[in-house]
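>>> What would the 3D arrangement of this be:
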Amino acid sequence: MGFIHFAITYGYTSVFALLGLEYFILVVPGETLLTTLGVLSHTNQLHFSLALLIVAASLGSFTGSIITYFIGRTVGRPIILRYGKYVFITEKRLKQTERLFQRQAVWTLLITKYIAVIRDIVPYVAGINKVNLKVYIPIQLLASFLWTSTFLLGGNLIKVVATSIYHHWRIELIPAILVLAACVWGYRAIHKRMKRFVETEATQSTKVSS
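Numbering: from 1, shown residues only. Down below sits the predicted model:
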């Protein structure tokens with residue numbers, strides 16, 4: 001819970017920083033952090049604004065992706081492979097992401113945002129492959145907004161439902177459990193489909209190139 005405490009202590013600036021740092025150290029639990037902050041934004045004690053959280057988190061994620069894009073573009077593939085192992089950037093993951101860009105650059109930027117670890121490698125690969133900034137910047141900004149909003153709004157909804165259940169648990173508990181189970185199952189199913197899509201596209205790219 002250290003990241004949560006840091007975010008609570010230093011506010012929106014820390015949210016911006018943590019979402020940006022995820023691209024460099026890969027230990028910031030993005031989804032967990034955003035969901036928890038979404039929950040906390042519904043409590044009067046912390047005075048978090050959901051709208052400002054979305055702005056801070058989106059800009060933080062976007063800024064991190066821009067910086068790492070230029071790192072990849074500047075230092076190139078050999079340097080990324082040499083030092084990337086310290087942040088879990090392996091040659092296999094790098095090749096897989098490069099193949100995706102060769103087939104579907106825009107969809108790769110949007111979909112991989114929801115896949116842990118891969119979303120942190122994508123900006124480096126985009127820089128290495130010199131993806132046009134006219135494409136990269138607006139798509140990455142949109143992807144950052146959609147990803148952060150999904151989990152912040154989800155966390156906020158969890159708090160609203162939990163509060164309602166607390167006051168009307170006899171009526172709402174069972175339906176809420178069923179809805180929560182359906183949401184978890186739905187997210188996991190979508191996540192698996194996204195990951196399968198990424199793997200399929202990478203495999204097809206390999207066959208075409210060979």
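
>>> in the chain, which spans are helices?
With helices called from DSSP state H, the chain shows them at 2-25, 30-40, 50-84, 91-103, 105-111, 118-128, 133-167, 169-209.

>>> Sketch out the low-pLDDT regions of this structure for me.
For the chain, the stretches with pLDDT under 70 are 1, 25-27, 42-46, 83-89, 93, 102-103, 160-210.

>>> count of residues packed around the residue nearest to Leu152 when sequence neighbours are not counted?
Closest residue in space to Leu152, ignoring its immediate chain neighbours: Gly38 at 4.1 Å, by Cβ to Cβ, 6 or more residues apart in numbering. Placement of C-beta: from N, CA and C, glycine included. Counted with other Cβ atoms under 10 Å, the neighbours of Gly38 add up to 26.

>>> Now do the contacts for Gly38.
Contact analysis of Gly38 by Cβ atoms under 8 Å, 6 or more residues apart in numbering lists Leu50, Leu53, Phe151, Leu152, Leu153, Gly154, Gly155, Asn156, Leu157, Ile158, Lys159.

>>> Closest to Arg77 out of these?
Taking Cβ to Cβ as the measure, Phe151 is the one of the contacts of Gly38 closest to Arg77, at 31.6 Å.

>>> Hmm, that closest one is touching Pro29, no?
No. Between Phe151 and Pro29 there is no contact, the gap being 10.7 Å when judged by Cβ atoms under 8 Å.

>>> neighbour-wise, which of those two wins?
Under the criterion of other Cβ under 10 Å, the comparison of Phe151 against Pro29 puts Phe151 first, with 21 against 15.

>>> Now do the contacts for that one.
With contact taken as Cβ under 8 Å, 6+ apart, Phe151 is in contact with Gly30, Glu31, Leu34, Thr35, Gly38.

>>> just Ser144 next, same as before
Here Ser144 is in contact with Ser58, Leu59, Ser61, Phe62, Ser65, Lys113 (criterion: Cβ under 8 Å, 6+ apart).

>>> do the same with Thr35
Each residue near Thr35 by Cβ under 8 Å, 6+ apart is listed here: Phe151, Leu152, Gly154, Gly155, Ile158.

>>> swap in Ala105?
Ala126, Val131, Val135.

>>> Relative to Leu100, which of the contacts of Phe151 is nearest.
Gly30 (19.9 Å).

>>> wait, what's in contact with the closest residue to the closest one other than its chain neighbours?
Distance criterion Cβ to Cβ, 6+ apart; nearest residue to Gly30, sequence neighbours excluded, is Glu22 at 5.3 Å. Glu22 is in contact with Val28, Gly30, Ser61, Gly64, Asp120, counting by Cβ under 8 Å, 6+ apart.

>>> how about 10 Å then?
Residues in contact with Glu22, defined by Cβ atoms under 10 Å, 6 or more residues apart in numbering, are Phe3, Val28, Pro29, Gly30, Leu33, Gly60, Ser61, Gly64, Ser65, Ala116, Arg119, Asp120.

>>> Now list the buried members of these.
The neighbour-count test (16 or more other Cβ atoms under 10 Å) marks Phe3, Val28, Gly30, Leu33, Gly60, Ser61, Gly64, Ser65, Arg119, Asp120 as buried among the contacts of Glu22.
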